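> Structural data only, the sequence is not supplied:
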């Protein structure tokens, strides 16, 4: 998961946003956690799909490197 969240930091910067508004990192547990504002972001809901159910998406495949979702129209 850290790779996706590191990418999210860059995506937020490109969008002229502060990634800290959307996720936090706990140095003691070495875990990322979405903020309440981040819980509303589709990309973070897909990354944290074990705790946040993605809206309009169903996971159809997962490996250690990738997740594939079907969009529910």
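That came through fine. Keep in mind that what you see is a predicted model, and the values were worked out from it rather than measured.
> any idea whether the residue positioned nearest the centre of the chain is helix, strand or coil?
Centroid check for the chain by Cα atoms, centre = their mean gives residue 44 as the closest residue, at 2.3 Å. Secondary structure state of residue 44, per DSSP: H, G, I helix; E, B strand; the rest coil, is helix.
> how near is it to residue 23?
7 Å (Cβ to Cβ, to the nearest Å). C-beta coordinates here come from the backbone N, C-alpha and C atoms, glycine included.
> So for the two, which residues contact both of them?
Any residue near both residue 44 and residue 23 by Cβ atoms under 8 Å, 6 or more residues apart in numbering counts here, and that gives 8, 34, 38.
> In strands, which of the residues you listed fall?
residue 34 (DSSP state E).
> Scan the shared contacts of residue 44 and residue 23 and report the most crowded one.
residue 38 (23 neighbours; other Cβ atoms under 10 Å).
> What distance do you get for the residue lying closest to that residue once chain neighbours are set aside to residue 56?
Nearest residue to residue 38 in three dimensions, chain neighbours excluded: residue 22, at 3.5 Å (Cβ to Cβ, 6 or more residues apart in numbering). Distance, residue 22 to residue 56, by Cβ to Cβ: 19 Å.
> which one of the two has more residues nearby?
Set side by side, residue 22 and residue 56 show more neighbours around residue 22, with 22 against 11, by other Cβ under 10 Å.
> Before we move on, what's the pLDDT of the more buried one?
Looking at residue 22, its pLDDT is 94.
> for the one 3 residues further on, same thing?
Residue 25 is assigned a predicted lDDT (pLDDT) of 88.
> Look up which helix or strand it falls in, please.
strand 23-26 (DSSP states H and E).
> Give me the buried positions along that strand.
residue 23 (16 or more other Cβ atoms under 10 Å).
> residues in contact with it?
Counting by Cβ under 8 Å, 6+ apart, 5, 8, 31-35, 38, 44 sit against strand 23-26.
> wait, what's in contact with residue 5?
23, 32, 47.
> these two touch, right, residue 38 and residue 20?
No: applying Cβ atoms under 8 Å, one finds residue 38 not in contact with residue 20, separated by 9.6 Å.
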